[in-house]
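Chemist: quick one: sequence plus predicted model below, questions after.
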Amino acid sequence: MTLEDLSVEIHLAKEGQVLNKDSKSQAKLMHGFQVLMARNYIENLREEVRKGMKEKAAQGVYPGRAPFGYRNNQLQRNIEIHPDNAEVVKRIFELYANGNCSLADLRQIIRTETGKTIAKSHIHDGILRNPFYLGFFTWDGEQHKGSHPAIISPALFQRVQDVLDGHNKPKYQKHDFAFGGLLTCAYDDCMVTAEFKKQKYTYYRCTGYKGKCDLPRMTEAELGQRLGEVLKNIHIPDDVLQQIEKQLTEGHASGEAAKKEQRQKLEQRLSAVRQRIDQSYMDKLDGKISEDFWQRKNAEWQQEEQQILFAMQGLEQASSDRLLTAKRTLELANQAYFLYVTQNPAEQGKLLKKVLLNCRVDGLSLYPTYRKPFDIIFERAKNQEWSGREDLNLRPLSRTTFRLLLKSVETYCS
């Protein structure tokens, strides 16, 4: 939601600014830069936390909450076996390994014997399929050998996996449909599903969950041709694309200048804090201040120093990659239809899902819902704001349209 949508007035006491829908574009631009830097600071903190957790996982320590059967030791900062729940885990594996016990029966037996109620889904996914009880765990897509002790043996775990695989044999072969999950019926808002006929033809039809529907069946080739027309509606002319990219580059340069100014202010603050720490330390050595006062103030200054360093790290994160991604997104709108007609149905479906959130169909017409920023591009193209007329082509983008388009591009890229 934008400031204009809220129709409120924001007072920024520290900056001495008042922002509302009638504020000057320069004030809004600087406020946008400040919001962007704040977001970078938060994202940098998130990255540092994730990096620390990944390093912890590489050392064999699970960086999360211990699963059932274990507990987190806060003092030693490790994971240890829970004396009671570990026996429950062993009992679950032993009962299921026999192959004569369903998940529902297993759940009932455990509740009767131990008084613990565990959901069937957690028994299946969280316990029986979890290699954590073997001494391994997966973090960020990578498997690690944990430093925690194992509860069950590899042989018992493998027997359980064999039983689970035997109970979950696939009953049919799944077919990947190019436009699956992309379409809804315009008559009753049900999903449009696909079916494979005679091992050769693919048809799309309404699921009919709300009763009989008037939507006719459509072949994949027919539907693919109609969906291609949707991409024509987001085409950006070449000269307009160059104009937008130029403004993106200029905006990026302005942002770099503002970032440089902010960096200088942070460096001045950092220098002042460090001088304060050094002078206070000398005063402590000379006996001018007490040890308690020094310890308290030093802790405050070190915390302030750390905050400044974090802010400087956030500023150092390069924004050139985001600028490049934004330009590529706009170039996609420029070339979307040309790319579409040169691809097979599977690739066409992937391209459409990058551009569309959903598309309603009634058999004759399509009613697409575009993702950001393609929704703004569609509206601008529909209103002929960049038609073939020379006066419109050469007219620069308005600040409001450019700001909305840039914001939508950044949201899409993130």
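Modeler: Nice, thanks for sending it over. Numbering: from 1, shown residues only.
Chemist: show me where the stretch 251-400 of the chain has its strands.
Modeler: Counting by DSSP state E, counting those that start in this stretch, the segments of the stretch 251-400 of the chain that form strands are 356-361, 366-370.
Chemist: neighbouring contacts of the longest one?
Modeler: Taking contacts as C-beta atoms under 8 Å, 6 or more residues apart in numbering, the residues outside strand 356-361 that touch it are 182-186, 189, 192, 215, 218, 223, 226-227, 230, 352, 366-371, 374. All C-beta atoms are positioned from the backbone trio N, CA, C, and that covers glycine.
Chemist: let's see it at 7 Å
Modeler: 182-186, 192, 230, 366-371 (C-beta atoms under 7 Å, 6 or more residues apart in numbering).
Chemist: okay if I get the strands of the stretch 251-400 of the chain as CSV plus mean neighbour count?
Modeler: Listed next are the strands of the stretch 251-400 of the chain as CSV, based on neighbours: other C-beta atoms under 10 Å:
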stretch, mean neighbour count
strand 356-361, 18
strand 366-370, 17
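Chemist: export those to a markdown table and tack on distance to Gly52?
Modeler: Converted to a markdown table, these look like this (distance: least, C-beta to C-beta, whole Å):
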| stretch | distance to Gly52 |
| --- | --- |
| strand 356-361 | 35 |
| strand 366-370 | 39 |
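Chemist: dump the ones you listed to CSV, plus mean pLDDT.
Modeler: Putting those into CSV (pLDDT from 0 to 100) gives the following:
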stretch, mean pLDDT
strand 356-361, 86
strand 366-370, 87
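Chemist: just the contacts of strand 356-361 now: which is nearest Gln34?
Modeler: Distance to Gln34 across those (C-beta to C-beta) is lowest for Arg371, with 27.2 Å.
Chemist: now that closest one, nearest residue through space, not along the chain?
Modeler: Leaving out its chain neighbours, the residue that sits closest to Arg371 by C-beta to C-beta, 6 or more residues apart in numbering is Leu357, at 5.4 Å.
Chemist: low-confidence ranges, this structure, go.
Modeler: Along the chain, the model assigns pLDDT under 70 to residues 1-4, 167-175, 199, 247-248, 251-252, 254-255, 314-326, 381-414.
Chemist: domains in it, as residue ranges please.
Modeler: 3-58, 70-167, 176-258+319-414, 259-318 (automatic domain parsing).
Chemist: so who does Lys90 touch?
Modeler: Neighbours of Lys90 in contact, by C-beta under 7 Å, 6+ apart: Ile151, Ile152.
Chemist: for it, give its distance to Thr207.
Modeler: Separation of Lys90 from Thr207 (C-beta to C-beta, to the nearest Å) stands at 45 Å.
Chemist: check Gln262 too.
Modeler: For Gln262, the distance to Thr207 - C-beta to C-beta - is 54 Å.
Chemist: these two: which is more packed in?
Modeler: Gln262 (17 against 14; other C-beta atoms under 10 Å).
Chemist: hang on, the earlier thing: save the domains of the chain as JSON lines, and put in distance to Gly64 too.
Modeler: Converted to JSON lines, the domains of the chain look like this (distance: least, C-beta to C-beta, whole Å):
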{"stretch": "domain 3-58", "distance to Gly64": "8"}
{"stretch": "domain 70-167", "distance to Gly64": "8"}
{"stretch": "domain 176-258+319-414", "distance to Gly64": "25"}
{"stretch": "domain 259-318", "distance to Gly64": "24"}
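Chemist: residues near Asp362, how many?
Modeler: When neighbours are counted by other C-beta under 10 Å, Asp362 registers 13.
Chemist: that one and Gly69, how far apart?
Modeler: To Gly69, Asp362 is 54 Å away according to C-beta to C-beta.
Chemist: likewise for Asp238?
Modeler: 62 Å.
Chemist: those two - which one has more neighbours?
Modeler: Applying other C-beta under 10 Å to Asp238 and Gly69 shows that Gly69 carries more neighbours, namely 21 against 10.
Chemist: now the closest residue to the more buried one other than its chain neighbours: phi and psi?
Modeler: Nearest non-adjacent residue to Gly69, counting by C-beta to C-beta, 6+ apart: Val89, 3.9 Å away. Torsion angles at Val89 (phi, psi; degrees, to the nearest 10) stand at phi -60, psi -50.
Chemist: just the contacts of strand 356-361 now: which is nearest Gly115?
Modeler: Thr184 (47.1 Å).
Chemist: pretty sure the closest one sits in a strand.
Modeler: Yes: assessed with DSSP: H, G, I helix; E, B strand; the rest coil, Thr184 lies in a strand.
Chemist: wait, isn't it in contact with Tyr204?
Modeler: No: at 11.3 Å, Thr184 does not count as touching Tyr204 under the criterion of C-beta atoms under 7 Å.
Chemist: so what sits against both of those two?
Modeler: The contact sets of Thr184 and Tyr204 overlap at Val192 (C-beta under 7 Å, 6+ apart).
Chemist: more neighbours: which of the two?
Modeler: Just comparing Thr184 and Tyr204: by other C-beta under 10 Å the higher neighbour count belongs to Tyr204, 23 against 19.
Chemist: give the next helix or strand downstream of the helix or strand containing that one.
Modeler: When elements are assigned from DSSP states H and E, Tyr204 belongs to strand 201-206. Downstream of strand 201-206, the next assigned helix or strand under DSSP H and E is strand 218-219.
Chemist: understood, closing this out.
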